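Student: Need a 3D model of the sequence below.
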Amino acid sequence: MSAIVIIPARYDSTRFPGKPLALLKGKPLIRHVYENSMRSRLASGVVVATDSHAVFDAVVSFGGRAVMTSAGHASGTDRIAEASATMDYDIIVNVQGDEPLIRPEMIDDVIDILGDERASMGTLAKKIERRQEILDPNVVKAAFDKEGFALYFSRAPIPYHRDAWKRPTPSYVYGSDSAVYKHIGIYSYRKDILMRLSKMPASRLEEIERLEQLRALEAGMRIKIRETSFDAIGVDTPADMEKVEKCLNTSL
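Tutor: Residues are numbered from 1 along each chain as shown. The predicted structure is shown next:
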């Protein structure tokens, strides 16, 4: 199966305008994401899908490939669906444009997941080690069956370890050894699945949790999860750039 990575990059972020072009160790943020994605063994190529001529020009200037998309998209999924509509690939990988620490192994894993014909989509999860993340609604949790198929995604602590936690307070949750998995927001889609999803209205659970992947589950699509040892740190605000730079310095 042929696969391509598409990186959605919106310029007008509410919390961080111009984020894709913010400099991280002398390079635009989007270039870090692009270059790491290019190291994937299983993807045939990488494309940035953007609504900004400035981002488009920046990508082309460092030798990357970019396509212009509508400024009216509500999500990155809709943006990559538009970009991939005329592309001839079996698998589309959505790598977030604000995750400069993305690893090529993570991309290869989500592509490899779709070797299972039962899976419509592939994604990753990591066992939570920082216990404070369990109660953090900004950290999405994933529950899955013994074969790795997603049962649910939530901002709440799932599964709820009734006997170990007693009640959901930090003193109980942080002190337990109960396994909870953090969802890592990288996805692989079979192309026809991506096209179908982009045409569906938001689902009930999706609107409640504000989690787009629940639209797929409610529609009966099967999302297969693979456990990873790698974490992802997204850049949402200028302060996050400092955290990421520290990680890059540590890895050198």
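Student: domains for this protein, by residue range?
Tutor: Here the domain parsing of the chain from automatic domain parsing is 1-102, 117-184+197-231.
Student: so which of those domains gets nearest residue 111?
Tutor: Closest approach to residue 111 among these (CB to CB): domain 1-102, 4.4 Å. C-beta coordinates here come from the backbone N, C-alpha and C atoms, glycine included.
Student: hang on, residue 241 in a strand?
Tutor: No. The secondary structure assignment for residue 241 gives helix rather than a strand, going by DSSP: H, G, I helix; E, B strand; the rest coil.
Student: contacting residues for it?
Tutor: Taking CB atoms under 8 Å, 6 or more residues apart in numbering as the definition of contact, the neighbours of residue 241 are 22, 24, 29, 235.
Student: Next, find the distance separating the last one from residue 180.
Tutor: It refers to residue 235. When distances are taken as CB to CB, to the nearest Å, residue 235 and residue 180 turn out to be 24 Å apart.
Student: For the contacts of residue 241, could you give me JSON lines that also reports distance to residue 163, pLDDT and neighbour count?
Tutor: Rendered in JSON lines, the data for the contacts of residue 241 read as follows (distance: CB to CB, whole Å; pLDDT from 0 to 100; neighbours: other CB atoms under 10 Å):
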{"residue": "22", "distance to residue 163": "46", "pLDDT": "91", "neighbour count": "18"}
{"residue": "24", "distance to residue 163": "44", "pLDDT": "90", "neighbour count": "17"}
{"residue": "29", "distance to residue 163": "44", "pLDDT": "94", "neighbour count": "24"}
{"residue": "235", "distance to residue 163": "38", "pLDDT": "86", "neighbour count": "26"}
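Student: Residue 6: which of the residues you listed is nearest?
Tutor: When these are ranked by distance to residue 6 (CB to CB), residue 29 comes first, at 16.6 Å.
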